[in-house]
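# 3D model of this:
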Amino acid sequence: MQKITTHLWFDDQAEEAARFYTSVFPNSRIVEVNHYGEGEPGKPGGAVTVVTFELDGQQYLALDGGPMFKFSEAISLYVDCATQEEADELWATLTADGGQESQCGWLKDKFGLSWQIIPKEATDLLSDPDKARAGRAMQAMMGMQKLDVQALRDAADGS
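The predicted model follows:
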């Protein structure tokens, strides 16, 4: 068992969100769904309390805690994508059905959770030892929503 687990607070969509996320990422599954018992305070008996799920082997907890707290960009899930194609597919899936594009590879999904969808080559370009090259890539990235590796490469190369 992992020592530290991300715990996500939803109003009443914990199970829906967990099922969506596990459908998006390979090697993912719902581990357990817990429900309120009859007569427990908070929600009616049988309602979902906590869903334990794994995304590509990383465990998360999703709580149906009510409307008191909302997600913000202060926390996001960072996805290191092997290719531009993987990033494009995840971007389209996570912004569908009410998700919102942001900038520099950030988005919010339909539940309001922030994600960073980052192709590996973009990270490499932004950390290039040639500071001028990395700076040009960074400048180009600042004008993007979804990251475009070819455009970052062209900017880094001064094209």
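
# and residue 156, how many residues sit next to it?
Neighbours of residue 156 under the rule other CB atoms under 10 Å: 22. Yep, even glycine has a C-beta here, placed from its N, CA and C like the rest.

# residue 9 touches residue 67, doesn't it?
No: between residue 9 and residue 67 there is no contact under CB atoms under 8 Å: 10.0 Å.

# who's more crowded, these two?
Taking other CB under 10 Å, residue 9 and residue 67 do not tie; residue 9 has more neighbours (16 against 9).

# give me the beta-bridge partners of the more buried one?
Beta-bridge partners for residue 9, by DSSP bridges, are residue 63.

# who's in contact with it?
Shown in contact with residue 9 (CB atoms under 8 Å, 6 or more residues apart in numbering): 63, 65, 69, 71.

# could you turn the buried ones of those into a ChimeraX selection?
Those of the contacts of residue 9 that count as buried under 16 or more other CB atoms under 10 Å are selected in ChimeraX with:
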select :63,65,71
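
# now the spatially most central residue of the chain: phi and psi?
With distances taken as CA atoms, centre = their mean, residue 115 lies nearest the centre of the chain, 3.1 Å away. Phi and psi for residue 115, reported as degrees, to the nearest 10, are phi -130, psi 150.

# isn't residue 106 up against residue 76?
Yes: counting by CB under 8 Å, residue 76 is a contact partner of residue 106 at 6.5 Å.

# and for these two, which residues touch both?
Going by CB under 8 Å, 6+ apart, residues that sit against residue 106 and also against residue 76 are 114-116.
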